[in-house]
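Participant: Predicted model and sequence below, questions to follow.
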Amino acid sequence: MKEGPDIALIGSLIGDPARANMLTALMGGQALTPTELAGEAGITLQTASSHLAKLEAGGLVTQRKQGRHRYYALSEDEVGLMLESLMGFAASRGLTRHRPGPKDPALRKARVCYNHLAGDFGVRMLDSLIAAREIEVAGADDLALTDAGRARVEALGIDYDALKKSRRPVCRTCLDWSERRSHLAGSLGEALLKLFIDKGWAKREKDSRAVRFTAIGEKAFLELFPR
């Protein structure tokens, strides 16, 4: 392709196994050091630094310095959405790099997708909001919060006006790699995950993207978002 977006460059950046592992680790939403990312990729710190420089030059990650340390994170939501979609595409064709392990059921149930809830619970939440006509589907991928949805969000203690001030859409779809269906992303998706954690309904598992709901939290979630 001589003109247009350079998908070959993006493909080469993501296609390297070590860089793919580092990007996947950053989908948990936490900023990580080069040392931590080297561990995730199974490579030396020097090699990791070289890979991170390429990812940063390609606009996939960004870094910030705090004292003597450097921390890396995905550069924007769109990077996480792209990676989740690629995971779904690979999974739908049986392209997996390892046998399912004991953590896989937890990841399929509820996990972090950059900054919002994914997995079965993430898909259930979006389905429930659409069924209750609190979110309406305007096209294949476009979502809009209805007046009823705004009232529901504000009743939960979420500042709707603050959501609208974000440069990101309030609601947007994100293809879920394990469920092969869409879950809720956007500033509302992020706010709802934060709400569940702040209420003590759920917590992040250490060194994993899995989100573990307490018994009380799961009961409250299922009542809040019925099928």
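Facilitator: Now that the structure is in, tell me what you want to look at. Predicted model only: the values in this text are computed from it and were never measured.
Participant: Please make it C-alpha for all contacts and neighbour counts, starting now.
Facilitator: Fine.
Participant: Mind jotting down where the strands sit in this structure?
Facilitator: Counting by DSSP state E, the chain has strands at residues 61-66, 69-74, 111-113, 116-118, 135-137, 143-145, 172-175, 182-185, 202-204, 211-213.
Participant: buried ones in the top helix by length along the chain?
Facilitator: Longest helix in the chain by number of residues (criterion: DSSP state H): helix 77-92. Neighbour counts over helix 77-92 (16 or more other Cα atoms under 10 Å) mark 77, 79-81, 83-89, 91 as buried.
Participant: tell me what the lowest-mean-pLDDT helix or strand in the chain is packed against?
Facilitator: The weakest-scoring helix or strand in the chain, judged by mean pLDDT, DSSP states H and E, is helix 77-92 (a mean of 84). The elements that helix 77-92 packs onto, with contact taken as 3 or more Cα pairs under 8 Å, 6 or more residues apart in numbering; DSSP states H and E, are strand 172-175.
Participant: pLDDT of the strand it packs on, averaged?
Facilitator: Strand 172-175 shows a mean pLDDT of 88 in the predicted model.
Participant: Please enumerate residues in contact with that strand?
Facilitator: Contacts with strand 172-175, where a contact means Cα atoms under 8 Å, 6 or more residues apart in numbering, come from 81, 84-85, 88, 141-143, 181-186.
Participant: Below-threshold pLDDT in this structure: ranges please.
Facilitator: 1-2, 4, 97-103, 139-141 (pLDDT under 70).
Participant: residue ranges of the helices in it, please?
Facilitator: Using DSSP H, helices in the chain cover 7-15, 17-26, 34-41, 45-57, 77-92, 104-109, 120-131, 147-155, 160-165, 186-198, 215-224.
Participant: what's the angle between the last one and helix 120-131?
Facilitator: Compare the direction of helix 215-224 with that of helix 120-131 by axes from the mean of the first three to the mean of the last three Cα atoms, to 10 degrees and you get 30 degrees.
Participant: Report the buried residues of helix 215-224.
Facilitator: 217-218, 221.
Participant: Could you quantify the relative orientation of it and helix 186-198 as an angle?
Facilitator: 140 degrees.
Participant: now for helix 215-224, which elements pack on it?
Facilitator: Against helix 215-224 (3+ Cα pairs under 8 Å, 6+ apart) you get no helix or strand.
Participant: Report the distance from that helix to the chain centre.
Facilitator: In terms of Cα atoms, centre = their mean, to the nearest Å, the centre of helix 215-224 is found 21 Å from the chain centre.
Participant: Just the CA trace of the longest helix of the chain, in CSV.
Facilitator: The C-alpha trace of helix 77-92 is given here as CSV (Å, rounded to 0.1, in the frame of the first residue of the first chain):
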residue,chain,number,x,y,z
ASP,A,77,-8.2,4.2,25.1
GLU,A,78,-8.1,3.4,21.4
VAL,A,79,-4.9,1.3,21.9
GLY,A,80,-6.7,-0.8,24.4
LEU,A,81,-9.8,-1.2,22.3
MET,A,82,-7.6,-2.2,19.3
LEU,A,83,-5.8,-4.8,21.3
GLU,A,84,-9.0,-6.3,22.8
SER,A,85,-10.4,-6.5,19.3
LEU,A,86,-7.3,-8.3,18.0
MET,A,87,-7.5,-10.7,20.9
GLY,A,88,-11.1,-11.5,20.0
PHE,A,89,-10.1,-12.0,16.4
ALA,A,90,-7.3,-14.4,17.3
ALA,A,91,-9.5,-16.3,19.8
SER,A,92,-12.3,-16.8,17.3
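Participant: No further queries at this time; thank you.
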